[in-house]
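**Student:** take this sequence and fold it.
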Amino acid sequence: MLVALASIAAEAGALLKARGQTIAVVDGSTGGLISASLLAMPGASAFYLGGGVIYTLKGRRIVLGHPPGSLRGYTSAKEDYALAQARLIRERYGADWGIAETGASGGSAHPLGVASGTSAVGVVGPDSIEASVLIVTDSNDRLENMQTFTQRALMLLRDTLFVHSGT
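**Tutor:** Model (predicted):
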């Protein structure tokens, strides 16, 4: 499956490279697969600045460097939360684009009660470009969900970059 994910990521990476633009990534329940897929492209250092896997509130604060309380009121696996994280990672790295995924892959209960197989992805870019998607698989298969969430995240990134090709 990583080969299929890397193929989609390579399309997004090629668009970023052609524009001389950069990206920073927040992986949540995807466990690093968004980053790994983007980094599978040779020459990824031309567009990939960095990111992190956020799995706890402490991890979120470390990776995003946000002021305490600034994300209060957001809920995991919601589009507005994914967009907020994408904005923060973009700012933290000084990237042109930010992408964030937040959700529940399954296999065990989510601490906040989010249903297994639920994920939200947010993409933010220059000129106030924002796109998001809510993904619901109705599955408790952890690995399948991680792959599906990653695939949909990469597709959203690629498609957003393509639609806004003049940016």
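**Student:** tell me the pLDDT of the residue lying closest to His164 once chain neighbours are set aside.
**Tutor:** Excluding its sequence neighbours, the residue lying closest to His164 (Cβ to Cβ, 6 or more residues apart in numbering) is Ile129, at 5.3 Å. For the C-beta atoms, the positions are set from N, CA and C on the backbone; glycine is no exception. Listed pLDDT for Ile129 reads 97.
**Student:** same check, this time on the one 4 residues further on
**Tutor:** As summarised for this prediction, Val133 has a pLDDT of 98.
**Student:** next one: Ser119
**Tutor:** At Ser119, pLDDT is 96.
**Student:** ok, Pro67 next?
**Tutor:** Note on Pro67: pLDDT of 85.
**Student:** if I look at it, how far off is Leu88?
**Tutor:** With distances taken as Cβ to Cβ, to the nearest Å, Pro67 is found 10 Å from Leu88.
**Student:** look at the two and report which has more neighbours.
**Tutor:** When Pro67 and Leu88 are compared for neighbours, Leu88 comes out ahead with 22 against 8, by other Cβ atoms under 10 Å.
**Student:** show me where this structure has helices.
**Tutor:** Ranges of helices within the chain are 2-19, 33-39, 57-64, 79-93, 142-163, based on DSSP state H.
**Student:** so for the third one, what's the average pLDDT?
**Tutor:** In other words, helix 57-64. Taken as a whole, helix 57-64 has a mean pLDDT of 89.
**Student:** tell me how many other residues crowd the closest residue to Gly106 other than its chain neighbours.
**Tutor:** Once flanking residues are discounted, Gly106 sits nearest to Ser116: 3.2 Å by Cβ to Cβ, 6+ apart. Residues contacting Ser116 under the criterion other Cβ under 10 Å number 20.
**Student:** Met155 reaches Leu5, doesn't it?
**Tutor:** No - if you go by Cβ atoms under 8 Å, Met155 and Leu5 don't touch, sitting 10.0 Å apart.
**Student:** more neighbours, the two?
**Tutor:** Remark: of Met155 and Leu5, Leu5 carries more neighbours, 22 against 17, as counted by other Cβ under 10 Å.
**Student:** so what's that one scoring on pLDDT?
**Tutor:** Predicted confidence (pLDDT) for Leu5: 96.
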